[in-house]
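Enquirer: From the sequence below, what's the structure:
(one chain, ligands or ions: 1)
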Amino acid sequence: MATWHALAVRLPRPLVDPVGKALLALGATGLMEDVPPGTVVKYKQPWDKGRRPRPPSEVLLRAWFTEPPAEEAVRAATGGRAATWEETPDEDWNEGWKAHFQPVHVSDRLIIAAPWHHIEGAVVIEPGNAFGTGEHRTTRSCLAAIDRLATPGERCLDVGSGSGILALAAARLGMVAYGIDTDPDAVTAAEAAASLNGLPATFDTTPIANVTGTWPLVVANLYAEVIAALGPHLRRLATRHLVFAGILSDRAHLVEAAMEGLELESRDDGEGWTSFVYRVA
Ligand SMILES: C[S@@+](CC[C@H](N)C(=O)[O-])C[C@H]1O[C@@H](n2cnc3c(N)ncnc32)[C@H](O)[C@@H]1O
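Expert: Residues are numbered from 1 along each chain as shown. Alright, predicted model coming up:
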């Protein structure tokens, strides 16, 4: 198996372009900009007002070579900056990516797996098509609640269905599920997953304001701000339980305010995330 020689050099941001070009001229087959160790990156969240925070002033530039160039040539290309080398075997990237996904055992009766895990009875989700493989804490907390609250024959509404994972989990436990998502690509992925699993779940992009009927179990893995904004509709549609996740803990009060008057059945906090289960009746 071939070996890649990976060079890493820390640079002021304006030098990334000229140094990158010089490394390509030396035979680099690929470049990647990374965050230097110890650098704190600030992101603009959907609810943040004002300008996007500035990117870090320094960049860790990586360059891959099949043959490492002469030391002096690298020194000239990088302006004499300290560079480190690493050797990485040329692995099968597809297999490496697949190995990253492990089946999620919610309980003995509810397992989420990728197609290549070949687990009988599992809800099969193709990773990469839409948010929701079961890896994220917020999805896992919803799955645990669904496992506890699902009642066969009843209806479950999944608001922000992404890959369809929550609706499909409810359907696997005997519920009839319906998922809505504002992203048409997510709906396409969820419909494909429903047909792959042969489960009674439908998905579309109907805005929640236009959803009619009642649903004993309503789940929503959405930001606190979105749950709060959709609060009156979520309350209107649910008749037994409301399950919420995706809430950054420092914003949990927004959901609590929107759900005031409902009985809080359980709350789970961890890794900066909060989830709630409310009893409606
Ligand atoms: C965090 S993902 C959750 C996916 C999946 N339900 C899970 O638990 O892993 C949130 C999803 O909600 C969708 N979304 C965001 N705002 C929405 C809204 N107002 N109504 C419906 N879907 C929404 C996004 O497109 C995204 O697919």
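
Enquirer: can we go C-alpha only for contacts and neighbour counts from here?
Expert: OK.

Enquirer: Which positions in this protein make contact with the ligand?
Expert: Contact residues (CA under 6 Å from any ligand atom) of the chain with the ligand: 131-132, 139, 159-163, 165-166, 180-183, 186, 221-222.

Enquirer: Report the buried members of those.
Expert: 131-132, 139, 159-163, 165-166, 180-182, 186, 221-222 (16 or more other CA atoms under 10 Å).

Enquirer: S195: which element?
Expert: Per DSSP states H and E: S195 is located in helix 184-197.

Enquirer: Please read the previous query as pertaining to P18.
Expert: Secondary structure from DSSP H and E places P18 in helix 16-25.

Enquirer: for A229, helix, strand, or coil?
Expert: Following DSSP: H, G, I helix; E, B strand; the rest coil, we place A229 in the helix state.

Enquirer: quick one: what helix or strand has the nearest residue to A224 once chain neighbours are set aside in it?
Expert: Counting by CA to CA, 6 or more residues apart in numbering, I247 is the residue found nearest to A224 once chain neighbours are left out, at 4.7 Å. Element membership for I247, per DSSP H and E: strand 238-248.

Enquirer: next one: that strand to chain centre, how far?
Expert: 18 Å (CA atoms, centre = their mean, to the nearest Å).

Enquirer: Which SSE is immediately downstream of it?
Expert: helix 252-258.

Enquirer: Given the next helix or strand after that following helix, what are its sheet partners and their directions?
Expert: Heading C-terminal from helix 252-258, the first helix or strand you meet, by DSSP H and E, is strand 263-270. Using DSSP bridges, the strands paired with strand 263-270 are strand 273-279 (antiparallel).

Enquirer: ok now the partner strand, how far from the chain's centre?
Expert: The chain centroid and the centroid of strand 273-279 are separated by 19 Å, computed with CA atoms, centre = their mean.

Enquirer: mind saving the C-alpha coords of that strand as PDB?
Expert: Provided in PDB are the C-alpha atoms of strand 273-279 (Å, rounded to 0.1, in the frame of the first residue of the first chain):
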ATOM      1  CA  TRP A 273     -27.600  19.800  25.400                       C
ATOM      2  CA  THR A 274     -31.000  19.600  27.100                       C
ATOM      3  CA  SER A 275     -34.000  17.400  26.300                       C
ATOM      4  CA  PHE A 276     -37.500  17.500  27.700                       C
ATOM      5  CA  VAL A 277     -40.500  15.200  27.800                       C
ATOM      6  CA  TYR A 278     -43.800  16.900  28.600                       C
ATOM      7  CA  ARG A 279     -47.000  15.200  29.500                       C
END
